[in-house]
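Engineer: this is the structure alone, sequence omitted:
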Ligand code: CS2
C-alpha cells in the first residue's frame, strides 16, 4: 500500500486557498467542470477575491475528496490531442450542510460573500413544475418552515442567510442559478420569495427589492466521474485525484447582467454577459437537452450505453437531425450571434465524440423534472402551429416505456426519479398501451391539462408507445426515420 501511494501520490494544493467571495450549493461534477474552471481562470486573468466555498446539501463525498487536497482538483478536457489535465484552485473549502446547517448559514451571511451560485439540479428547487411555485408540501420545505435556522433545502439556506444579512445591515448577495431550467433566475427568485413570505413578509419585501437573481444558460457535457477516470488520470498525471472530472472542450456560459456587488471576470475568459438570456436558454434546452433526453430513453431501450454509442447508429443520428430540422428549430427564436442549424451541426459532433462516455442512464434520470422544458414545450408549439410532432412524441413514449421499469429483454431498469414509484405504479396498473399512456399523461406535474387533452398528441404518443412495445426501440426509430439500413 505504502509503496503504491508513493508511486502514485495525491494531488495537493500548493500555496494558500483564495479568499472566499462565492458560496456554491451543489459541488457535483458539472460545477467542477464549469463554474470552478471559469472562476479559476477569471481570477488567474483578472484577480479578485472570488474563492468558492462549496456546500454539499446532502452527501459528504465532495468534502471527503476535496478536503485532503486543500480544495484543488483536476479538470480534464477531452480533446483530439488526448486528455488535457488542468489543476483548478478556485475551491477554497467544502462544507457538508447536514453536518452543521447553522455554519453554512453563517458562511453565506459573511459580508465577503457576494454571490451564491447553484447547481442543485431541477428537483433542488422544490418547485411545482407546472406553476414554478414553491411546493409547500415538499418535505424539505415543511422542515425548513418549521426550523428556518437549520435548513435543509437550498431555498431555506438562501432565505436564512439573507435574513441574517439584513439583520446585520449587510448588503445581500446575488443568487446565480446555473441549472438547466427555463428562466432559472426567475424560478429561483419565485421559490425564494414564496418561502420568505411564509416566514417573514418584511424580509420577503426586502429580498424582492434588493436581491438580483440573474438567469444563466450553462453548457458543457460532463459525465459523472468513474473509477476508470480516476485511474486514467493517475496514469497521465502520476497522482490520485478522486475529485477529478472529465469533460468536453466545448463550453458556453451566457449570464444576465444583474449583480448586486460584481462578479469574477468570467467574461474575460469567454462567458457572455448579456441583457437577456431567454433565447439562448430556449435554444440550449430544446436543441441540446431535448435530443439528449430523446437519445437517453430510446437509446437506453435500444441497448446503447452512451450518447456516442446511440448516435453511431445512423437511424438515431437521423432521428436527431430530423428533430432539429422539422420539430425543434421551428419553435426556437434565433438568439443574437447564433446560427441554429450550425449550432445543431456542432451538437452532433459533440455527441459523436467517443471519448465522452456520457451514459444514457445518467441523462435518463429525473425525467419527470426534465421533460416539460426539454420536450413538451416544443411539442406544444408544434401543435399550436398545426404540425404533428411525431419524433418528439416518440421521445415521450420512450420515457413512458422507460419509467415502466422493464427493459426490452425483460430486465429491471434502475429508474431514478422523484416520482419513480408513482410512475411505475401508474404504468403497471394499466393494461393496453393506450391505457398506460393515458395513466402517465394524467401526471399533472409533468403534463399540462391542455397537452394531455390534445387528441393529436395523445394519438401520436399512443401509436409510438405501441410500436415500442411491439417492435422495440431500434425498429421503431428506424421506421420513423424511414432509412433502409442493412
Ligand atoms: C444532460 C445534461 O444529464 C442531462 O440531463 O442532458 O446534463 C447536459 O449534458 C448538459 O446540460 C450539457 O450542458
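Structural biologist: That came through fine. Computed from a predicted model, the values in this text were never measured in an experiment.

Engineer: pretty sure residue 107 belongs to a helix, no?
Structural biologist: Yes - Residue 107 forms part of a helix when assessed by DSSP: H, G, I helix; E, B strand; the rest coil.

Engineer: so what pairs up with the residue nearest to it when sequence neighbours are not counted in the strands?
Structural biologist: Nearest non-adjacent residue to residue 107, counting by C-beta to C-beta, 6 or more residues apart in numbering: residue 53, 5.7 Å away. Placement of C-beta: from N, CA and C, glycine included. Note on residue 53: beta-bridge partners by DSSP bridges are residue 23, residue 93.

Engineer: count the neighbours of residue 53 for me.
Structural biologist: Number of residues near residue 53 (other C-beta atoms under 10 Å) recorded here: 25.

Engineer: what about it, distance to the ligand?
Structural biologist: Separation of residue 53 from the ligand (C-beta to the nearest ligand atom, to the nearest Å): 24 Å.

Engineer: residue 97 versus that residue, what's the distance?
Structural biologist: Plainly put, residue 53 is 12 Å away from residue 97 if you go by C-beta to C-beta, to the nearest Å.

Engineer: contact partners for the residue nearest to residue 107?
Structural biologist: The contact partners of residue 53, by C-beta atoms under 8 Å, 6 or more residues apart in numbering, come to 20, 22-24, 92-95, 107, 113.

Engineer: for the residue in the stretch 101-250 of the chain that the ligand sits nearest to, grab phi and psi.
Structural biologist: Relative to the ligand, the nearest point of the stretch 101-250 of the chain is residue 219 (3.9 Å; C-beta to the nearest ligand atom). Dihedral angles of residue 219 (phi, psi; degrees, to the nearest 10) stand at phi -150, psi 120.

Engineer: strands of this protein, start to end?
Structural biologist: 20-25, 51-56, 73-78, 84-88, 91-96, 115-118, 174-177, 216-219, 245-248, 252-256, 272-274 (DSSP state E).

Engineer: could you find the closest non-adjacent residue to the residue in the stretch 351-486 of the chain that the ligand sits nearest to?
Structural biologist: Closest to the ligand within the stretch 351-486 of the chain is residue 363: 4.1 Å, counting by C-beta to the nearest ligand atom. Closest residue in space to residue 363, ignoring its immediate chain neighbours: residue 296 at 3.8 Å, by C-beta to C-beta, 6+ apart.

Engineer: neighbours of residue 19, just the number please.
Structural biologist: 11.

Engineer: going forward can the numbers begin at 41, since that is how I track them
Structural biologist: With the count now opening at 41, the last piece we talked about shows up as residue 59.

Engineer: wait, doesn't it sit right on residue 152?
Structural biologist: Yes - with contact defined as C-beta atoms under 8 Å, residue 59 counts as touching residue 152 (6.8 Å).

Engineer: between these two, what contacts are shared?
Structural biologist: residue 89.

Engineer: and residue 274, how many neighbours?
Structural biologist: 17.

Engineer: surely it meets residue 48?
Structural biologist: Yes - applying C-beta under 8 Å, one finds residue 274 in contact with residue 48, separated by 5.3 Å.

Engineer: shared neighbours of those two, which are they?
Structural biologist: Common neighbours of residue 274 and residue 48 (criterion: C-beta under 8 Å, 6+ apart): residue 280.

Engineer: mind listing what the residue of the stretch 391-526 of the chain closest to the ligand touches?
Structural biologist: For residue 403, the contact set (C-beta under 8 Å, 6+ apart) comprises 332-333, 335-336, 347.

Engineer: these also near the ligand: which ones?
Structural biologist: Counting by C-beta under 6 Å from any ligand atom, residue 332 from those sit close to the ligand.

Engineer: identify the farthest-apart pair in the contacts of residue 403.
Structural biologist: Maximum pairwise distance in those, criterion C-beta to C-beta, is 10.7 Å, between 333 and 347.

Engineer: who has more neighbours out of the two?
Structural biologist: residue 347 (29 against 22).

Engineer: now do the contacts for that one.
Structural biologist: By C-beta under 8 Å, 6+ apart, the neighbours of residue 347 are 332, 335-336, 339, 391, 396, 398, 400, 403.

Engineer: check what pLDDT it gets.
Structural biologist: Note for residue 347: predicted pLDDT of 98.

Engineer: and what of residue 48?
Structural biologist: pLDDT at residue 48 comes out at 74.

Engineer: circling back to that earlier point, residues near the residue of the stretch 141-290 of the chain closest to the ligand, how many?
Structural biologist: 20.

Engineer: before we move on, the earlier item: okay, the residue of the stretch 391-526 of the chain closest to the ligand and residue 411: tell me how far apart.
Structural biologist: 12 Å.

Engineer: what about stretch 492-503, distance to the chain center?
Structural biologist: 28 Å (C-alpha atoms, centre = their mean, to the nearest Å).

Engineer: and it, what's buried?
Structural biologist: Within stretch 492-503, the residues scored as buried using 16 or more other C-beta atoms under 10 Å are 492, 494, 496-498, 500-503.

Engineer: which of those residues fall within helices?
Structural biologist: Judged by DSSP state H, helices contain the following of these: 492, 496-498, 500-503.

Engineer: returning to that earlier point: what's the local residue count around the spatially closest residue to the residue of the stretch 141-290 of the chain closest to the ligand that is not a sequence neighbour?
Structural biologist: Of all residues not flanking residue 259 in the chain, residue 292 sits nearest, at 4.3 Å (C-beta to C-beta, 6+ apart). The number of residues packed around residue 292, counting by other C-beta under 10 Å, is 17.
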